[in-house]
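Chemist: A structural model of the following input is requested.
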Amino acid sequence: MPREFSCGGLVLDPESTPPACIVIVPTRRAADGSKVLALPKGHPDPGEDAETAALREVHEETGIEAEIHAPLGEVSYRYQRNGRTIAKTVRYFLMEAKDGSLEDHDHEVELARWMPLTEAVEALTYAGERKIVQRALDAADNG
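Modeler: From the prediction side, this is the model:
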């Protein structure tokens, strides 16, 4: 079975109360054709480490320059592409926005916007990404 690896970020707004993160609507639709609400992520370029790839992908997909604060773990799942099953793992990092504008996202993203973490934990399309947001909420409650 083919395998894919991606890296992404849960980007927090340091000035938002309650805490908010960036969510995106990619131009690529779900298998059923519906829009997806997701966290920014993508494949590392050759020779790129996970942290560098995550920061680059966040910048490309959201227009925001961010700084990594901590790893948030990995999500593994399977999906179908052209009749083939692909096993995918995504490594996520907790990040803080430093500079940039959400209007500067790339062509692969239809919309990038801020959303309260408490809303994102319910609204994101994929269960694995909802779990990543829940980890950040739990860490904030305990720290």
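Chemist: so where's this structure uncertain?
Modeler: Scanning the chain for pLDDT under 70 picks out 142-143.
Chemist: Helices along that one, start to end?
Modeler: Listed in chain order, the helices found in the chain under DSSP state H are 50-62, 117-123, 127-142.
Chemist: in the last one, what's buried?
Modeler: Residues 128-130, 132-133, 135-137 are the ones in helix 127-142 that count as buried (16 or more other CB atoms under 10 Å). C-betas here are computed from N, CA, C, even on glycine.
Chemist: and what of the first one?
Modeler: Using 16+ other CB under 10 Å as the burial criterion, the residues of helix 50-62 that qualify are 50-51, 53-55, 57-62.
Chemist: where does the residue lying farthest from the centre of the chain sit relative to residue 31, distance-wise?
Modeler: Farthest-out residue of the chain from its mean C-alpha position, per CA atoms, centre = their mean: residue 83, at 25.3 Å. Separation of residue 83 from residue 31 (CB to CB, to the nearest Å): 11 Å.
Chemist: Alpha carbons of stretch 103-112, as CSV, please.
Modeler: Output in CSV follows, covering the C-alpha atoms of stretch 103-112 (Å, rounded to 0.1, in the frame of the first residue of the first chain):
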residue,chain,number,x,y,z
GLU,A,103,-5.5,37.1,2.4
ASP,A,104,-2.0,36.0,1.1
HIS,A,105,-2.8,32.2,1.0
ASP,A,106,-1.9,30.3,-2.2
HIS,A,107,-4.2,29.0,-5.0
GLU,A,108,-4.7,25.6,-3.3
VAL,A,109,-6.8,27.3,-0.6
GLU,A,110,-10.3,28.8,-1.2
LEU,A,111,-10.5,30.3,2.3
ALA,A,112,-8.3,30.8,5.4
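Chemist: What backbone torsions are found at the residue farthest from the centre of the chain?
Modeler: Here is the backbone geometry of residue 83 (degrees, to the nearest 10): phi 80, psi 0.
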